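Colleague: I need the structure of the sequence given here:
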Amino acid sequence: MSSTVRQIIFWLLIVAGALLLYRLVNPNSKNSSAIDLVTLEAKIKSGELKLLTLKQNEAIATDNRGQELRAQLTNEHTKAEILKEAAK
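Modeller: Below is the predicted model of the structure:
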């Protein structure tokens, strides 16, 4: 194998590794935006959400257009209120 081919493969591996590292370090880099809890509750009531996932300290919602929305849950009471509203 010539040195030019080895050098091209080397640089392709470097670029692929850098992209992989970026994705590992920044997994939330996709189309997401932060919203407040009032906005999240309004979107739940209006039926604008396709999916709602509650984690320990965060609610992650996907609206009907496919955009990901994230809201910080400040305490367990807030989390319970969002769950109750979503169950309606």
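Colleague: Give me the distance from the biggest helix by length in the chain to the chain's centre.
Modeller: Looking across the chain with DSSP state H, the single longest helix is helix 3-25. Offset of helix 3-25 from its chain centre (CA atoms, centre = their mean, to the nearest Å): 26 Å.
Colleague: right, and the secondary structure at residue 59 would be what?
Modeller: strand (DSSP: H, G, I helix; E, B strand; the rest coil).
Colleague: Thought residue 81 was touching it, still the case?
Modeller: No - contact criterion CB atoms under 8 Å: residue 59 and residue 81 do not qualify, at 10.8 Å. The way it works is simple: take the backbone N, C-alpha and C, and place the C-beta from them, glycine included.
Colleague: neighbour-wise, which of the two wins?
Modeller: More crowded of residue 59 and residue 81, by other CB atoms under 10 Å: residue 59, with 23 against 14.
Colleague: Could you tell me how many residues sit around the residue nearest to the more buried one when sequence neighbours are not counted?
Modeller: Using CB to CB, 6 or more residues apart in numbering and skipping residues adjacent in sequence, the residue nearest residue 59 is residue 71, 4.6 Å away. By the criterion of other CB under 10 Å, residue 71 has 22 neighbours.
Colleague: Make 24 the starting number, not 1.
Modeller: In the new numbering, first residue 24, that becomes residue 94.
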